[in-house]
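Q: Next comes the sequence, and after it the predicted model I'd like to discuss.
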Protein chains: 2
Amino acid sequence: METIFSETHKRRNARSELYGGELVEPFERPSRAEYIVERVRSVRLGPVNPPDDFGMQPILAVHDADFVAFLQSVWTEWQAAGFKGEAIPSVWPARRTSTHIPKHIDGLLGYYALASETSISDGTWDAAYASAQVALTGAERLRQGARSVFSLCRPPGHHAALDMYGGYCFLNNAAIAAQHLLDNGAERVAILDVDFHHGNGTQDIFYEREDVLFLSLHGDPMDAFPYYLGHADETGKGAGEGFNVNYPLPPGTDFVTWRKSLQDAIEKVAAYGPEVLIISLGVDTFETDPISFFKLKSADFITYGADIAALKLPALFVMEGGYDIAEIGVNAVNVLEGFENGG
Amino acid sequence: METIFSETHKRRNARSELYGGELVEPFERPSRAEYIVERVRSVRLGPVNPPDDFGMQPILAVHDADFVAFLQSVWTEWQAAGFKGEAIPSVWPARRTSTHIPKHIDGLLGYYALASETSISDGTWDAAYASAQVALTGAERLRQGARSVFSLCRPPGHHAALDMYGGYCFLNNAAIAAQHLLDNGAERVAILDVDFHHGNGTQDIFYEREDVLFLSLHGDPMDAFPYYLGHADETGKGAGEGFNVNYPLPPGTDFVTWRKSLQDAIEKVAAYGPEVLIISLGVDTFETDPISFFKLKSADFITYGADIAALKLPALFVMEGGYDIAEIGVNAVNVLEGFENGG
Ligand SMILES: [Zn+2]
Ligand SMILES: [Zn+2]
């Protein structure tokens, strides 16, 4: 399996994350991607290549243009306002507020954020842009006939919504890849999100559409980030009704239980009959992940990679989360090897 | 003029405020109230007395019961979750999220917050409760015939909404006082908010009601906290249509311009004919306030105190913001002296 990877991910290197009332070193840090690409190389998964540049158009096909412009300018504007730390929102449009969009960068930041653990600093846009190109290049490889590709995206993308960033995500890489495929001949794409956290951004982007089936297995939002989306009763809206499937799972969920939901999701993908399957691959389901509560073991990642392969669909793996950094490479590549050897 | 004041305000003593991407010493700190009460005493404004205790009922007459229960338990729950800092939300119900209320304290915190500069720590509830009693005691004095009372509340209240805290506010002292008067014979109460910031919480609480006329002069939310509420087009809803009046004013606004809006507000109060006027008294309109952008000078506070006195209404002054701490006592008491000597 070919891996697409950009060294530009290193430009995403915030020094602070708001966590538990303190500013700590971010859980989402550059070494994550380094561990994964090292593992890809050490097991000889396949070639590792840089992305092509598809420009802004496929990004703007998914995200709000003003939001994208904001991401490009926020760090400069934040500094110009005289603030000394990284850009962290401290106020947001809460319940029953107006729809006017504020001018001041402090208010604009909160408007476009859905969480504040994700500090913005110099280089964040460059890395987010490159990460989207990594996903797009993977999608393009599938169009050219590849059976599977690994887009080693960093920063991750699945929490990024139409016009909001947060949860370490800025641009929704998986959604951008899906839209690119739809805009180039595909009629139906399925996105299977196996990250520990609900893919609220992806859900948001495709919630009213039937050309993308979105399925997410994740920690119950009653107990886990992103808290305010990811319930089982969110099934899509309008033309999208029935094309959004959430599997919220409780604290302590082990692989046996998790795999039952995966099997159900796989059956729904098969029934949908997409031309392509995109997997939002987060490995924060791992038992020792520091910010999650599932109990998957490293061998389980091989097993479920094979389960997914049984669908016999062209597959684009898009890297999302995983914060037990020392094990992230093994677990992510286990899924890819399980897929290659299974099915 | 009698001042009502509780030493319990000192229990509100957070060590951190999220500002400009850093955790800094809070602008809203105990010394604010100390400077004010010292000034009250040094000019011999009148007696300074502690509040009576009206219990929870008048608080629950204004705020959501689950929200109030949350305020009482959040610090204990936050510590029990193992977080090491003060309670600061890092995620919130952004646009297009579900209405389910999460269980985990991290999610619950964001659900009930409208901003994250306001860290919650030990004693916050005690101080907020006492501050509400200070306002209630002032309202009760008016019922007993006083012409004017100064409720030296701390923490402030006007940003606290039906079920959200933020902007240094937890319980809406002015709203609680207004509701207490309405529940004890008054038919109409006007609340005039002269704090630099929009009184979004007070607006939220009374937005659909005609028995409270709310008027707020403040920094245009396009440029100033709370950013997402306080526009001129917010005029009330349903039965409350026409009973909410916002005067957003641009950066650099001086007293001449500010006073024109005040005069308009005063005319509207007179036309409404309330039994009581409550003034949300913030003095962060002062020219050297560190987080605001109006240009009032100390003498202007005397002038507008007299302007308000011309209404010849029983008046309850409820302390809100003001962050040029060395001058806060002079400016706040200038309004009260202007009121007493004017009219
Ligand atoms: Zn995750
Ligand atoms: Zn203020």
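A: Nice, thanks for sending it over. Ligands and ions are numbered 1, 2, ... in the order given.

Q: Get me the contact residues on the stretch 1-150 of chain A for chain B.
A: Contacts of the stretch 1-150 of chain A with chain B, taken as CB under 8 Å from any CB of the partner chain, map to A:16, A:18-23, A:78, A:82-98, A:100, A:102-104, A:106-107, A:110-111, A:113-117, A:119. Backbone N, C-alpha and C define where each C-beta goes, glycine included.

Q: now do the stretch 151-300 of chain A
A: Counting by CB under 8 Å from any CB, the stretch 151-300 of chain A sits next to chain B at A:161, A:163-164, A:166-167, A:200, A:204, A:207, A:221-231, A:233-234.

Q: coming back round to it: the residues of the stretch 1-150 of chain A next to chain B in helices, which ones?
A: A:W78, A:D106, A:G107, A:G110, A:Y111 (DSSP state H).

Q: Would you mind finding the longest strand in chain A?
A: strand A:212-219 (DSSP state E).

Q: what about the closest residue to A:A232 other than its chain neighbours, which SS state?
A: Once flanking residues are discounted, A:A232 sits nearest to A:N246: 5.3 Å by CB to CB, 6 or more residues apart in numbering or on different chains. Following DSSP: H, G, I helix; E, B strand; the rest coil, we place A:N246 in the strand state.

Q: cool, and A:Q133?
A: helix.

Q: Verify the stated contact: it with A:D52.
A: Yes: A:Q133 lies in contact with A:D52 (CB atoms under 8 Å); the separation is 6.8 Å.

Q: So which of these two has more stuff around it?
A: Legend: neighbour count by other CB atoms under 10 Å in any protein chain shown for A:Q133 and A:D52, higher for A:Q133 (26 against 13).

Q: so what's the more buried one closest to, chain neighbours aside?
A: A:P51 (4.1 Å).

Q: Can you list the buried residues in the helix or strand containing A:R39?
A: Per DSSP states H and E, A:R39 falls inside helix A:31-42. Within helix A:31-42, the residues scored as buried using 16 or more other CB atoms under 10 Å in any protein chain shown are A:R32, A:A33, A:E34, A:Y35, A:I36, A:V37, A:R39, A:V40.

Q: Could you single out the nearest of these to chain B?
A: A:R32 (19.6 Å; CB to the nearest CB).

Q: Quick one: residues contacting that closest one.
A: Residues in contact with A:R32, defined by CB atoms under 8 Å, 6 or more residues apart in numbering or on different chains, are A:R154, A:G322, A:Y323, A:I325, A:I328.

Q: 6 Å instead?
A: A:I325, A:I328 (CB atoms under 6 Å, 6 or more residues apart in numbering or on different chains).

Q: any idea how far A:R39 is from it?
A: Here the criterion is CB to CB, to the nearest Å. By it, A:R32 lies 11 Å from A:R39.

Q: again, but for A:G242
A: For A:G242, the distance to A:R39 - CB to CB - is 38 Å.

Q: again, but for A:C169
A: 22 Å.

Q: and if you look at A:W258?
A: Applying CB to CB to A:W258 and A:R39 gives a distance of 22 Å.

Q: Next: A:C153.
A: Taking CB to CB, one finds A:C153 at 16 Å from A:R39.

Q: same check, this time on A:F294
A: From A:F294 to A:R39 the distance is 21 Å (CB to CB).

Q: swap in A:V333?
A: 5 Å.

Q: same check, this time on A:R96
A: On the measure of CB to CB, A:R96 and A:R39 end up 48 Å apart.

Q: next one: A:G166
A: Relative to A:R39, A:G166 is positioned 28 Å away (CB to CB).

Q: next one: A:A14
A: 24 Å.

Q: Which is the succeeding secondary structure element to the helix holding A:R39?
A: Past helix A:31-42, the next helix or strand by DSSP H and E is strand A:48-49.

Q: I'd like the mean pLDDT over that following strand, please.
A: Averaged across strand A:48-49, pLDDT comes to 98.

Q: May I see the buried residues of the following helix or strand past that strand?
A: Following strand A:48-49 in sequence order, the next helix or strand is helix A:57-60 (DSSP H and E). Neighbour-count burial for helix A:57-60, counted by 16+ other CB under 10 Å, picks out A:P58, A:I59.

Q: same thing with stretch A:21-34?
A: Applying 16+ other CB under 10 Å to stretch A:21-34 flags A:G21, A:L23, A:P26, A:F27, A:E28, A:R29, A:P30, A:R32, A:A33, A:E34 as buried.

Q: how long is it end to end?
A: Start-to-end span of stretch A:21-34 (CA to CA, to the nearest Å) is 29 Å.

Q: Show me what A:I278 bridges to in the sheet.
A: Note on A:I278: beta-bridge partners A:I191, A:L316, judged by DSSP bridges.

Q: where's it relative to chain B, distance?
A: Counting by CB to the nearest CB, to the nearest Å, the gap from A:I278 to chain B is 22 Å.

Q: Counting neighbours, what do you get for that residue?
A: A count of nearby residues for A:I278, using other CB under 10 Å, gives 31.
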